[in-house]
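K.L.:
everything below, folded, please.
(one chain, ligands or ions: 1)
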Amino acid sequence: MALLEIRGLTKHFPLRKGILSGAPETVKAVDGVSLHVEEGETLGLVGESGCGKSTLGRCIIRLIEPTSGNIVYDGADITQMAAPEMRTMRRKMQMIFQDPYASLNPRMRVGDIIGEGLKIHDIAKGTELKARVLELLNRVGLRDEHFGRYPHEFSGGQRQRIGVARALAVDAKFIIADEAVSALDVSIQAQVLNLIQDLQAEFGLTYLFISHDLRVVEHVSDRVAVMYLGKIVEVAPARRIYDDGQHPYTRALLSAVPVADPSRKSERIILQGDVPSPIDPPSGCSFHPRCPFAEKICSEEEPALTFDGDHGVACHLFGPGKTGAVSMPAQPE
Ligand code: SF4
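P.N.:
You can find the predicted model right below:
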């Protein structure tokens with residue numbers, strides 16, 4: 001059953017009109033995204049920096065307000081939910097941020113940071129609150145004496161553990177982890193990822209795991225959605241994406257990841273140029289200026305995200321049931 005369903009979500013940021021400019025411009029950070037996350041699963045969301053994945057994450061829990069579309073959480077449409085109801089809803093939906101130091105108030109002791117949500121939502125107070133915070137500290141691998149310390153006294157990995165404990169404090173069921181391990185050393189990344197997975201099994205958590213790092217996403221995800229310039233271009237079970245990703249953008253991202261398994265295909269697809277501006281995205285398929293397989297139709301018509309079972313691809317040429325589906329042809333000279 002889907003715990004979260006988003007339908008046609010957009011977030012457009014208007015730009016201030018310059019003196020010499022004409023019509024006001026808009027940054028289309030998220031542009032018509034529809035996705036669901038099943039209860040108890042981890043959906044990985046990947047894409048290059050600036051593709052809109054963090055904006056999408058923030059829109060889902062309404063840290064920023066979407067421009068249009070719908071967000072349905074556990075059967076309730078929260079898109080227009082009033083602030084008091086939304087506050088209650090945020091108990092169930094929490095976020096872990098990339099930079100744990102920036103997201104932790106440096107003037108607050110760790111015990112108060114973790115206990116803040118318990119107070120706000122009137123879950124516990126006094127000795128009960130302290131006991132609950134100590135329990136959480138221990139559960140994420142920290143110790144009782146850390147209760148009275150400040151964020152600057154911790155390493156990056158420990159600060160991320162504090163962020164995890166803060167999310168768990170209010171009994172969240174759905175957690176958006178936004179580049180949660182990107183700032184950590186590889187060995188610390190593994191520890192935090194293992195913790196995140198252990199907690200999922202223990203508390204039945206559902207994750208949206210946002211990352212630019214495909215190796216990390218492969219490690220934790222049940223399904224993976226690939227985002228490009230504000231849109232989802234491919235979504236499928238993780239194994240399918242990594243073994244048989246169809247969209248040329250997916251294949252390009254995968255081809256840049258070093259592979260330890262020699263049986264995996266490893267042809268490198270070099271993308272041309274930079275990511276286009278989301279202010280004025282290319283016509284048709286927004287990937288067409290960089291796609292080595294683009295044909296005439298690609299600049300004329302936007303491909304819809306079409307599904308064959310649980311595998312969706314937005315491409316005119318590649319995808320389940322299409323002519324280019326079985327294997328990616330060699331890159332043209
Ligand atoms: Fe490339 Fe065309 Fe597919 Fe877009 S629609 S990814 S340009 S082949």
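K.L.:
and stretch 288-307, which residues are buried?
P.N.:
Of all the residues in stretch 288-307, those buried under the rule 16 or more other C-beta atoms under 10 Å are 288, 289, 290, 291, 292, 293, 294, 298, 302, 303, 305. C-betas here are computed from N, CA, C, even on glycine.
K.L.:
that one vs the ligand: in contact?
P.N.:
Yes: residues of stretch 288-307 contacting the ligand under C-beta under 6 Å from any ligand atom: 288, 291, 293, 294, 298, 303.
K.L.:
ok now that stretch, how far from the chain's centre?
P.N.:
Here the centre of stretch 288-307 is set off from its chain's centre by 24 Å, with C-alpha atoms, centre = their mean, to the nearest Å.
K.L.:
same thing with stretch 59-77?
P.N.:
Counting by C-alpha atoms, centre = their mean, stretch 59-77 comes out at 15 Å from the chain centroid.
K.L.:
ok, residues contacting that stretch?
P.N.:
Residues outside stretch 59-77 that contact it (C-beta atoms under 8 Å, 6 or more residues apart in numbering): 3-12, 30, 32-33, 55, 58, 78-79, 81, 86, 89-90, 92-95, 173-174, 176, 208.
K.L.:
please apply the same query to stretch 181-197.
P.N.:
98-100, 140-141, 155-157, 160-161, 164, 177, 180, 207, 211-213, 216, 219-220.
K.L.:
just these: which are in helices?
P.N.:
100, 156, 157, 160, 161, 164, 216, 219, 220 (DSSP state H).
K.L.:
widest-spaced pair of those?
P.N.:
100 and 219 (19.6 Å; C-beta to C-beta).
K.L.:
those two: who's more crowded?
P.N.:
Per other C-beta atoms under 10 Å, whichever of residue 100 and residue 219 has more neighbours is residue 100, with 25 against 19.
K.L.:
thought that one was touching residue 163?
P.N.:
Yes: Residue 100 lies in contact with residue 163 (C-beta atoms under 8 Å); the separation is 4.7 Å.
K.L.:
list the contacts for residue 101?
P.N.:
151, 152, 156, 159.
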